[in-house]
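1. just to be clear, the model below is a prediction. Sequence and coordinates:
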Amino acid sequence: MLLVLDVGNTNTVLGVFARVAKVNPAEAVLSPDAVRYERLVANWRVATIHTQTVDEYGVLFRNLFAMDNLEPSGIRGIVISSVVPPVDSTLRQVCERYFNTKPLFIEPGVKTGMPVQYDNPAEVGADRIVNSVAAYEKYGGPCISVDFGTATTFDCVSPKGEYIGGVICPGIGISAEALFGRTARLQRVDIRKPSRIIGTNTVASMQSGLYYGYLGLVDGVIELLLKEMGKDTKVVATGGLASLFGSGSKYIKMVDDLLTLDGLRIIWERNLPAKRETGSAKTKGASASKTPDASSAREPASSTTHARAGLRDDSKPWPGSKTSSR
């Protein structure tokens, strides 16, 4: 199984993918390419807590696995997208201690298959690249992925599959907190779509302002993006509140709650061939009768592994991208 983690500022989303054989079982054993992790068997959303220890995360993950009758020992690979650097070291230790697997972090040097046209590609958040890869792979280009998170991001991909940039806005949660925190007599309300736009009480008026005000922001940004990218551009939404705003938007036609998880899976698979090539190089001088080490297909290779094996090192910011000017 493959464990994928998307670590955001507010929430962490986890998913477990199981292998799906494309051929009969006998051929699948002989060919690593015959099986792919395409079947999502479980997914969870938990709070991102910066102060949790390795063991606290380990207990949490094992409890989540137990809820869905999954065995941690069945995990053969882990891939992580994180925009919270303070927890990266902790999660790395969790993966090694509780799953006996070194995780692949989405970071400069990892093969994404998507050239990045940002002025400084190293500045692009890992989650934005992951969403863009998944949106282009699943829906084609040109496309825009809208991620409703702590910040709401609009990420644009060209018809050729190039990441060309995007827009970052304060999330609806941040906007609501500013309203609640800066006003003495306005109480907290749920963020929801009201039955009518004209509120007849304070709560309804606030809900109307939050929902329709933010929906206007979302549609306004997308409208301007479509003028630059073309009217045939596909727009897909993801994130915690994607369904709420996607249903009311004039331009969002698809809501994909699993977009980021699929993107992590896709990038993990794109890094597998390098590992297999490394494994072949290591066993080239061995006897032909020996079976190659099965662990060679477990994890994607890092740039360090490439260097040791004498392979080409693509460890510039987001391979195929602009050169970073520092």
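-> That came through, no problem.
2. make it CA atoms for all contacts and neighbour counts henceforth
-> OK.
3. ranges for the strands of the stretch 151-300 of the chain?
-> 151-157, 163-170, 234-239, 254-255 (DSSP state E, counting those that start in this stretch).
4. can I get those strands in TSV including mean pLDDT?
-> What follows is these, written out as TSV (pLDDT from 0 to 100):
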stretch	mean pLDDT
strand 151-157	95
strand 163-170	95
strand 234-239	95
strand 254-255	94
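5. switch the ones you listed over to TSV; also include distance to Thr51.
-> As requested, those are exported to TSV (distance: least, Cα to Cα, whole Å):
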stretch	distance to Thr51
strand 151-157	22
strand 163-170	24
strand 234-239	24
strand 254-255	33
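6. for those strands, which one sits closest to Lys102?
-> Ranking those by their distance to Lys102 (criterion: Cα to Cα) puts strand 234-239 first, at 26.9 Å.
7. what distance separates the closest one from the centre of its chain?
-> With Cα atoms, centre = their mean, to the nearest Å as the basis, the distance from the averaged C-alpha position of strand 234-239 to the chain average is 13 Å.
8. for Tyr118, what are its contacts?
-> Residues near Tyr118 by Cα atoms under 8 Å, 6 or more residues apart in numbering: Val124, Tyr163, Ile164, Gly165, Lys322.
9. where does it sit: helix, strand or coil?
-> Secondary structure for Tyr118, judged by DSSP: H, G, I helix; E, B strand; the rest coil, is coil.
10. relative to Gly15, how far out is it?
-> Relative to Gly15, Tyr118 is positioned 29 Å away (Cα to Cα, to the nearest Å).
11. TSV for the strands of the stretch 151-300 of the chain, including distance to Tyr136 and mean neighbour count?
-> Putting the strands of the stretch 151-300 of the chain into TSV (distance: least, Cα to Cα, whole Å; neighbours: other Cα atoms under 10 Å) gives the following:
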stretch	distance to Tyr136	mean neighbour count
strand 151-157	7	24
strand 163-170	10	17
strand 234-239	9	23
strand 254-255	13	18
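12. closest to Arg270 out of those strands?
-> When these are ranked by proximity to Arg270, the top entry is strand 163-170, at 17.0 Å, counting by Cα to Cα.
13. quick one: list the elements packing against the closest one.
-> Using 3 or more Cα pairs under 8 Å, 6 or more residues apart in numbering; DSSP states H and E as the contact test, the elements touching strand 163-170 are strand 151-157.
14. how near is Gly171 to Phe148?
-> With Cα to Cα as the criterion, Gly171 and Phe148 are 7 Å apart.
15. more neighbours: which of those two?
-> In this comparison of Gly171 against Phe148, neighbours counted by other Cα atoms under 10 Å, the higher total goes to Phe148 at 25 against 17.
16. quick one: the more buried one and Gly239 touch, right?
-> Yes: with contact defined as Cα atoms under 8 Å, Phe148 reaches Gly239; the gap is 4.6 Å.
17. tell me the phi and psi of Asp119?
-> Torsion angles at Asp119 (phi, psi; degrees, to the nearest 10) stand at phi -60, psi -40.
18. so that it lines up with my notes, have the first residue be 32 from now on.
-> Got it, first residue is 32 now, which makes that one Asp150.
19. bridged to Asn74, which residues?
-> Legend: beta-bridge partners of Asn74 under DSSP bridges are Gly46.
20. tally up the residues packed near it, please.
-> 18.
21. what residues are up against it?
-> Asn74 is in contact with Val44, Leu45, Gly46, Val47, counting by Cα under 8 Å, 6+ apart.
22. avg pLDDT for the helix or strand containing the first one?
-> Which is Val44. Remark: Val44 resides in strand 42-52, with elements defined by DSSP states H and E. Mean pLDDT, strand 42-52: 88.
23. residues making contact with it?
-> The contact list for strand 42-52, computed with Cα under 8 Å, 6+ apart, reads 32-38, 59, 65-79, 292.
24. what does stretch 278-292 rub up against?
-> 35-37, 45-46, 158, 161-162, 165-166, 246, 249-250, 253-254, 265-271, 273-274, 277.
25. so among the residues you listed, which ones count as buried?
-> If you count burial by 16 or more other Cα atoms under 10 Å, the buried members of the contacts of stretch 278-292 come out as 35-37, 45-46, 158, 161-162, 165-166, 246, 249-250, 253-254, 265-270, 273-274, 277.
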